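Colleague: Predicted structure and sequence below. I'll ask about it afterward.
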Amino acid sequence: MKTDGKLSFQIIRKIAFISIIFICIFMIGAMATKSDINAVKIVFSDDCQITVMTSKVNVSEILEENHIILNSDEIVYPNINSNIDFSKTITISKVTSEPVIIAEEVENISTEEILGKYVLVTEKIVTEQIEIPYETVTKDISTSGTETTNKVLQEGRNGIKEIKYKIKLQGDQELSREQISESIIKEPVNKIIQISTKIASRSSGTRSEINVDGKTPTVVTLNASAYCAASCGGNTKTSSGATATSWYTVAAGKSYPVGTVIYIPYFSDKPNGGWFVVQDRGGAITNNHLDIWMSSLTECINFGRRNLECYIYQ
């Protein structure tokens, strides 16, 4: 019996030892779980943030542990009674005053009402016509140092150009404008002013006694013919660049510089009183030949060709 009692005591002691080992393992596991420390970031409603070290996982407990109290206008995420998620972040934000749209109310709004709240953006092509200002060109054919006079040979006219734009509009408001093309509809016509030597008025004396700019004329007999726009293929430009004018323009040989004044008594009863200015040249015009610009081909034919007394002022 003594031997059996001793054996029973040994068995009980082994069981107690094993139990103590299991209890120690359980307590160590519990302590290890309790000592699991997390770094939790807390973001406040004013965008400030802190990071706290805690073994707690419940949001409410973490806030309480760090003496953080929510204001009445603040909410927290995750929910105050839930645990932190994998991000280990607690965010405190202000409660917004924006109205909550209830689903039933949205369903009752018509398509027309929804579209009426928006102004569509549209595009259109717009064409504009803008005037092109003409320029004034001055041609000086006067003799240096002499008294001059101005004459408008050609009146100026503005041109027109057409510009196309692509315009974006929101209602009546223009958002943007992009030029896509430009073309000239009508070219401008320059105004041409000619500066020429001023011709002295006639006197009652003989032509040899009349001075132009202090010059005494040389009297010569020249073979005269006539020409006009029709005989020149419609061209009215002279070699001097001026526009030919009837009872003013003559073509003469190179011995008579552009701007030379010529008085022809044969035309004394014409609008110019017989006074002409050399403005043009010609391939068939020699120093003893004079070509007079007239307004029509009929006038030129009627005039024909004849020898005329001419007073040359050089």
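Modeller: Yep, it's here.
Colleague: Would you quantify the distance from residue 130 to residue 185?
Modeller: Using Cβ to Cβ, to the nearest Å, one gets 10 Å for the distance from residue 130 to residue 185. C-beta coordinates here come from the backbone N, C-alpha and C atoms, glycine included.
Colleague: any shared contact partners between these two?
Modeller: Contact with both residue 130 and residue 185 is made by residues 160-162, according to Cβ atoms under 8 Å, 6 or more residues apart in numbering.
Colleague: Quick one: residues contacting residue 314.
Modeller: Taking Cβ under 8 Å, 6+ apart, one finds 215, 218, 256-257, 260 in contact with residue 314.
Colleague: Ok, residue 78 next?
Modeller: With Cβ under 8 Å, 6+ apart, residue 78 has these contacts: 59, 84-85, 90.
Colleague: can you rerun that using 6 Å?
Modeller: By Cβ atoms under 6 Å, 6 or more residues apart in numbering, the contact set of residue 78 is 59, 85.
Colleague: again, but for residue 282
Modeller: Going by Cβ under 6 Å, 6+ apart, residue 282 touches 251, 291.
Colleague: and it, what are its phi and psi?
Modeller: phi -170, psi 150 (degrees, to the nearest 10).
Colleague: about what we covered before: closest to residue 288 out of the contacts of residue 314?
Modeller: Closest to residue 288 out of the contacts of residue 314 is residue 256 (10.8 Å), distances taken as Cβ to Cβ.
Colleague: how about the nearest residue to that closest one, chain neighbours excluded?
Modeller: residue 278 (5.0 Å; Cβ to Cβ, 6 or more residues apart in numbering).
Colleague: tell me the contacts of that neighbour?
Modeller: 250, 252, 256, 258, 260.
Colleague: Show me the two of these that sit farthest apart.
Modeller: Going by Cβ to Cβ, the pair spanning the contacts of residue 278 furthest: 250 and 258, at 10.7 Å.
Colleague: Mark which of the shared contacts of residue 130 and residue 185 are part of helices, please.
Modeller: With DSSP state H as the criterion, helices contain none of the shared contacts of residue 130 and residue 185.
Colleague: mind giving me CSV with those residues and columns for neighbour count?
Modeller: Listed next are the shared contacts of residue 130 and residue 185 as CSV, based on neighbours: other Cβ atoms under 10 Å:
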residue, neighbour count
160, 14
161, 16
162, 14
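Colleague: what would the residues you listed look like in a markdown table with distance to residue 287?
Modeller: Output for the shared contacts of residue 130 and residue 185, formatted as a markdown table (distance: Cβ to Cβ, whole Å):
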| residue | distance to residue 287 |
| --- | --- |
| 160 | 47 |
| 161 | 48 |
| 162 | 52 |
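Colleague: Out of these, the closest to residue 70 would be?
Modeller: Looking across those and measuring by Cβ to Cβ, the closest to residue 70 is residue 162, at 69.5 Å.
Colleague: a helix runs through residue 27, doesn't it?
Modeller: Yes: according to DSSP: H, G, I helix; E, B strand; the rest coil, residue 27 belongs to a helix.
Colleague: and it, how many residues sit next to it?
Modeller: Neighbour count of residue 27, defined by other Cβ atoms under 10 Å: 10.
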